[in-house]
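In: this one's structure only:
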Ligand code: ADP
């Protein structure tokens, strides 16, 4: 009985894997109105009538609506559990040897960190991912042994900082290609982890390091990409096969455009670097979705770092995060347009099925 149950579960998992193989999927998540918006009676411009079918409408003016289609649409009522349920098959596929990349894109304040990190009471994708990896690894322990390690880094102004290093700022890190073709950052700390508590400690250390040297932690984190990399080594005890795979979990810098008058000096450089790396990410995924012969990975540190987990038979999931408020309409439209382009759907009918 137990065996057949397990087999059915595996089969289900396998089907999920087949369906998502080589896929780029885009999930759209809208946060609730915040206190300020509620108290000023800010209007909601998002129409969720078609949300169950992945459709979303943005009311752009008097009786005009712009429609978008994604692989999933989450309303402000959908919680962390709902979101993770959809991401989880992709996450688990890293244990089957696939490279996976999950990232959150959007204007600052739209819930990127909420989706990825969450809060201690309401954990996000990062924690749930690692928790599930350990769980599935335990279920499979009689046939496969897994070794899991974690790195935490930040890309700020096109520089890589190792957030697990004792003095992250003084360490100069570059991306190198290894003899097996994979991309590595020599000198980056990889912490071996055996349980979720160890991972939690590593994540805490990373987020503390992120705050060091910045006057305003929130501002700093909105202008840098925070990247968690989970390396999985698997050894199949039946046939001795070994595989290596990598999962990236990325909380991107805020995608908002700054008013030209606000931008000078250091701030201008930051804005240019963010712009450049987010455009590079969009270009890479678009090139992959449209099966272009040239994939421009080298145009930014971000895409160069993610190279092994974007393209080939790896799986990519992007959360496009939006605000429901009328005040954010132009940033919301710009994020949704970015996400639509990334899906490559301009080329014709959607080619993938969930
Ligand atoms: P970002 O990382 O995009 O700058 P945050 O994750 O910091 O945005 O979110 C901004 C605020 O909105 C936070 O206080 C966060 O807790 C809250 N928030 C975002 N998304 C949700 C959600 N789906 N449900 C409840 N609160 C949310």
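Out: Sure, I can see it. Fair warning: this is a prediction, and the values are worked out from it, not measured in the lab.

In: for the closest residue to residue 173 other than its chain neighbours, the count of nearby residues, please.
Out: Distances taken as C-beta to C-beta, 6 or more residues apart in numbering place residue 160 nearest to residue 173, at 4.2 Å, with adjacent residues excluded. For glycine as for every other residue, the C-beta is placed from the backbone atoms N, C-alpha and C. Residue 160 has 23 neighbouring residues, counting by other C-beta atoms under 10 Å.

In: in terms of helix, strand or coil, where does residue 160 fall?
Out: strand (DSSP: H, G, I helix; E, B strand; the rest coil).

In: next one: residue 254
Out: coil.

In: neighbours of it, just the number please.
Out: Neighbours of residue 254 under the rule other C-beta under 10 Å: 22.

In: who's in contact with the residue nearest to it when sequence neighbours are not counted?
Out: Nearest residue to residue 254, sequence neighbours excluded (C-beta to C-beta, 6+ apart): residue 108, at 3.4 Å. Neighbour list for residue 108: 222, 254, 256 [criterion: C-beta atoms under 8 Å, 6 or more residues apart in numbering].

In: and the residue nearest to residue 173, how far is that from the ligand?
Out: 20 Å (C-beta to the nearest ligand atom, to the nearest Å).

In: beta partners of that residue?
Out: residue 155, residue 173 (DSSP bridges).

In: separation between it and residue 285?
Out: Distance, residue 160 to residue 285, using C-beta to C-beta, to the nearest Å: 21 Å.

In: give me the three-state assignment for the residue most central in space within the chain.
Out: The residue lying closest to the centre of the chain (C-alpha atoms, centre = their mean) is residue 103, at 1.3 Å. Using three-state DSSP, the structure places residue 103 in strand.

In: now it, nearest residue through space, not along the chain?
Out: residue 250 (3.8 Å).

In: okay, now the unreliable bits of the stretch 101-250 of the chain?
Out: Applying pLDDT under 70 to the stretch 101-250 of the chain flags residues 168, 213-215.

In: between the contacts of residue 108, which is closest to residue 308?
Out: Distance ranking of these against residue 308, using C-beta to C-beta, places residue 254 first at 25.8 Å.

In: and that closest one, what does it touch?
Out: 106-109, 112, 222-223, 274.

In: ok, residue 137 to residue 127 distance?
Out: Taken as C-beta to C-beta, the span from residue 137 to residue 127 is 16 Å.

In: who in the stretch 1-150 of the chain is up against the ligand?
Out: Those residues of the stretch 1-150 of the chain that sit near the ligand, judged by C-beta under 6 Å from any ligand atom, are 31-32, 34, 76, 106, 108-114.
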